[in-house]
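Q: Okay, structure incoming, though there's no sequence with it:
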């Protein structure tokens, strides 16, 4: 299991466990862009390209669409601080879920 724990995007304590089982911790003020980049780095550690398929090293799931695998990894293998909707305050587990929430509930397209 690997993950992102805490709420580092607000400058609070965070803890990250990579898929190798190494742990890192510290105090950071990442900002949203920094959080996105940190989550992207964690996701990249789980991705393996085998021929014309992408594979998740955490569970072995293989698919042809790399972006779909990235969404899978963020949803199932990365622990995020959650992503609040700035319109209603709803907390989504993933960035993709937040985009879907905004599209469906608030008709916001990006």
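A: Great, that's in hand. These numbers were taken from a predicted model, which means no experiment stands behind them. Residues are numbered from 1 along each chain as shown.

Q: C-alpha only now, for contacts and for neighbours.
A: OK.

Q: contacts for stretch 90-102?
A: By C-alpha atoms under 8 Å, 6 or more residues apart in numbering, the surrounding residues in contact with stretch 90-102 are 71, 74-75, 80-85, 108-109.

Q: Buried ones among those residues?
A: Neighbour-count burial (16 or more other C-alpha atoms under 10 Å) applied to those gives 71, 74-75, 80-83.

Q: Of the residues you listed, which belong to helices?
A: 71, 74-75 (DSSP state H).

Q: could those residues be laid out in a markdown table, adding distance to residue 91?
A: Formatted as a markdown table, these follow (distance: C-alpha to C-alpha, whole Å):
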| residue | distance to residue 91 |
| --- | --- |
| 71 | 17 |
| 74 | 15 |
| 75 | 14 |
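
Q: Closest one to residue 53 out of the residues you listed, please.
A: Of all these, residue 53 sits closest to residue 71, with 15.2 Å by C-alpha to C-alpha.

Q: picking up where we left off before, could you identify the most distant pair in the buried ones among the contacts of stretch 90-102?
A: The distance between the two most remote of these (C-alpha to C-alpha) is 15.8 Å, for 71 and 81.

Q: who does the nearest residue to residue 85 once chain neighbours are set aside bridge with?
A: Residue nearest to residue 85 in three dimensions, not counting chain neighbours: residue 91, with 6.3 Å by C-alpha to C-alpha, 6 or more residues apart in numbering. Going by DSSP bridges, residue 91 is paired in beta bridges with residue 84.

Q: Next one: residue 91 from residue 65, what distance?
A: Distance check for residue 91 against residue 65: by C-alpha to C-alpha, to the nearest Å, it reads 27 Å.

Q: do the same with residue 47
A: Distance, residue 47 to residue 65, using C-alpha to C-alpha: 12 Å.
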